[in-house]
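# after the sequence you'll find the predicted model.
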Amino acid sequence: MRRPLSILAALVLAAPGAAQDLEPLQPGASVAYFGLHFIDTSTEGAYNGIREDETERLALLEESVRQRFLEEGFELVDLGPVTEELARTKSPADCNGCDVRMAERLGADYSLVGEVQKVSNLILSMNLALREVETDRLVRMLAVDIRGNTDDSWLRGGRYILNNHFFRE
C-alpha cells in the first residue's frame, strides 16, 4: 500500500525551483539574516513556558546557519538600522513580507528567515526561507521534521536543509 505524500512534501516537490533544477546562489551576495523564530505549540510549553535549553538551542542553530552562509562566501549585513522594527515584529518569517522590505532598506540581495516549531518534546519542525529582495521571489525554502529535542537533532536538521537544498554538496 502506497502512502500519500504529505501536503508540505507535495508543495515542495511541485514548487518552481524544486531540488533538481535550483539556480545557483551567488557567493559574495549580501544576506539580511533575521534569525530563527521559535514557536512552541506543545502542551509542555503551554504549562511550563519558555525553557532555557531551547532558547540556547535556538541561538546555537542560528549561529550554525550564520556561520554556514559566511563559509559559503556570503556577506551578512548589519541589522542595526532596522533594530526597532525588528523588535516590534513577532516573527520575521511570518510578517507579510516585512523581512524583504527591511532587507531592501539594508541594501541586501537576499532575506533569510526561519522558524522552529515544537509540537512535542519528540516532534519538531524547522524551516528556512531565502528570498531575493529585488524580485521578492522565494529562491530557497525547505521544511524538515526532526525527532528529539537535543542540540544534535536541531543542528542535524539545520545541516540537512543547508546541505541538501541551499548548498548541495
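Now that the structure is in, tell me what you want to look at.

# need the next SSE after the helix or strand of the chain with the lowest mean pLDDT, C-terminal direction.
Least confident helix or strand, the chain: helix 7-14 with a mean of 41, by mean pLDDT, DSSP states H and E. Where DSSP states H and E defines the elements, the next helix or strand beyond helix 7-14 is strand 30-40.

# could you pull up the residues touching the closest residue to P81 other than its chain neighbours?
Spatially, and ignoring its direct neighbours in sequence, P81 is nearest to L106 (6.2 Å; C-beta to C-beta, 6 or more residues apart in numbering). Placement of C-beta: from N, CA and C, glycine included. Residues near L106 by C-beta atoms under 8 Å, 6 or more residues apart in numbering: A32, V77, D78, L79, P81, V82.

# try it again with 10 Å
S30, V31, A32, V77, D78, L79, G80, P81, V82, V133 (C-beta atoms under 10 Å, 6 or more residues apart in numbering).

# next: L58.
Counting by C-beta under 10 Å, 6+ apart, L58 touches G35, L36, H37, F38, G114, V116, W154.

# D53: which of those residues is nearest?
Taking C-beta to C-beta as the measure, D53 lies nearest W154 of those, at 10.6 Å.

# now that closest one: which helix or strand?
Using DSSP H and E, W154 falls in helix 151-161.

# hang on, the earlier thing: can you redo the contacts of L106 as a markdown table with neighbour count, distance to Y110 and pLDDT?
Shown next, in a markdown table, are these (neighbours: other C-beta atoms under 10 Å; distance: C-beta to C-beta, whole Å; pLDDT from 0 to 100):
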| residue | neighbour count | distance to Y110 | pLDDT |
| --- | --- | --- | --- |
| S30 | 15 | 7 | 97 |
| V31 | 23 | 5 | 97 |
| A32 | 27 | 7 | 98 |
| V77 | 18 | 10 | 97 |
| D78 | 9 | 15 | 97 |
| L79 | 18 | 14 | 96 |
| G80 | 8 | 18 | 95 |
| P81 | 13 | 17 | 96 |
| V82 | 21 | 15 | 95 |
| V133 | 23 | 6 | 96 |
